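Participant: 3D model of this:
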Amino acid sequence: MMRLGSWRRWATVYLVTCLACSSSRGGDSPGREADGSTDEGGANNTLACGQGSVSGTGHAVDPHTLGPVAGATISAPGCTTAVTDDRGYINITTDPGFVIKLDGMASGYLSDHFEFQALTDNFAGEAYLWESSFASSLPGWSTSQGYVVVEVAAAVPDAGPCSTIEGVTLSVQGHPEIAAHYLSDPDTVDDTLQATTTLGAGVLGPIPPGSYVIAGAKSGCTVTTDVSSTFQFETTNTFSAGVLNLQVLEVSP
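Facilitator: As a prediction, this is how the structure comes out:
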């Protein structure tokens with residue numbers, strides 16, 4: 001799981017930019033031992049996928065209190081099920097190329113889903129679980145439909161307009177009937193907006209259950225699924241009824 005750098009105050013159980021934050025146990029890395037594992041691990045504290053050739057940790061956080069979400073159930077097909085400890089941590093073992101289709105559930109929170117690959121060892125990330133009340137902010141939210149929250153990140157710092165996260169339009173590829181909504185602040189969908197603001201955030205939905213590609217566009221720039229040296233989000237995602245998905249797109253020259 002990763003931290004959404006531009007959404008320090010909110011985001012779903014999702015991996016974003018803090019991904020190569022490997023570190024030894026210390027004051028800045030609560031919950032991790034020198035080998036990178038959490039110090040309160042156990043049989044149900046590890047999301048074990050594939051052969052486990054790379055490993056790291058994930059941290060589930062409430063976006064409003066910024067405190068840990070303890071007791072969250074984290075699962076994915078082909079992986080063991082993990083439960084976050086009292087500081088919101090789990091261990092993760094996986095293999096490069098193994099697509100983790102992760103689901104996060106906790107009492108009082110929306111069910112969340114995102115799909116990614118870990119590419120290197122000693123990864124660490126922070127993710128957020130949204131409270132169930134966030135559904136009331138999503139236009140047309142229905143437990144029979146899905147939704148996706150999209151964050152836009154900038155790939156390079158000095159590329160003019162292609163280094164900024166505003167002005168990106170979002171869509172579901174091949175489905176113009178699925179509406180895009182943009183956020184003026186972390187809690188407000190503003191349907192007068194036609195593209196992302198400096199927050200770099202938008203939502204798409206309602207989305208019928210199925211597999212879809214989330215796309216972005218910005219004049220004169222390239223917008224693609226986010227890929228870093230340690231993690232990459234999948235281009236195609238599976239959407240389920242009543243589940244909030246996460247996708248991260250990257251703008252570049």
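Participant: Gly205 reaches Ala179, doesn't it?
Facilitator: Yes: with contact defined as Cβ atoms under 8 Å, Gly205 reaches Ala179; the gap is 7.3 Å. Just so you know, the C-beta spots here come from the backbone N, C-alpha and C atoms, and that holds for glycine as well.
Participant: what touches both of these two?
Facilitator: Shared contacts of Gly205 and Ala179, defined by Cβ atoms under 8 Å, 6 or more residues apart in numbering, comprise 139-140.
Participant: Give me the more crowded residue out of the two.
Facilitator: Neighbour totals were compared for Gly205 and Ala179, and Gly205 leads with 23 against 16 (other Cβ atoms under 10 Å).
Participant: how close does the more buried one get to Thr143?
Facilitator: 12 Å (Cβ to Cβ, to the nearest Å).
Participant: what's the answer for Gly71, then?
Facilitator: Taken as Cβ to Cβ, the span from Gly71 to Thr143 is 23 Å.
Participant: Which one's more surrounded, the two?
Facilitator: Shown here are Gly71 and Thr143; by other Cβ under 10 Å, Gly71 has more neighbours (14 against 10).
Participant: pretty sure Leu102 is in a strand, no?
Facilitator: Yes: applying DSSP: H, G, I helix; E, B strand; the rest coil, one finds Leu102 inside a strand.
Participant: In space, what's closest to it - neighbours in sequence excluded?
Facilitator: Ala76 (4.7 Å; Cβ to Cβ, 6 or more residues apart in numbering).
Participant: Quick one, grab the pLDDT at the one you found.
Facilitator: Note on Ala76: pLDDT of 95.
Participant: and if you look at the one 4 residues further on?
Facilitator: At Thr80 the predicted local distance difference test score is 96.
Participant: which residue packs closest to Thr164, ignoring adjacent ones?
Facilitator: Ala154 (6.5 Å).
Participant: low-scoring stretches of the stretch 51-200 of the chain, by residue?
Facilitator: Within the stretch 51-200 of the chain, no stretch has pLDDT under 70.
Participant: which residues in it form strands?
Facilitator: Using DSSP state E, counting those that start in this stretch, the strands assigned to the stretch 51-200 of the chain run over residues 54-61, 73-75, 82-83, 89-94, 100-105, 111-118, 123-128, 146-154, 169-172, 180-185, 188-190.
Participant: Of the ones you listed, give the one that comes closest to Thr46.
Facilitator: Closest to Thr46 of these is strand 89-94 (Cβ to Cβ; 4.2 Å).
Participant: and the angle for that closest one with strand 100-105?
Facilitator: 160 degrees (axes from the mean of the first three to the mean of the last three Cα atoms, to 10 degrees).
Participant: ok now strand 89-94, how far from the chain's centre?
Facilitator: 15 Å (Cα atoms, centre = their mean, to the nearest Å).
Participant: Report the angle between that strand and strand 54-61.
Facilitator: 150 degrees.
Participant: that older thread, was I right about the residue nearest to Leu102 contacting Thr94?
Facilitator: No: between Ala76 and Thr94 there is no contact under Cβ under 8 Å: 9.2 Å.
Participant: Which neighbours do those two have in common?
Facilitator: Taking Cβ under 8 Å, 6+ apart as the contact rule, Ala76 and Thr94 both touch 47, 49, 100.
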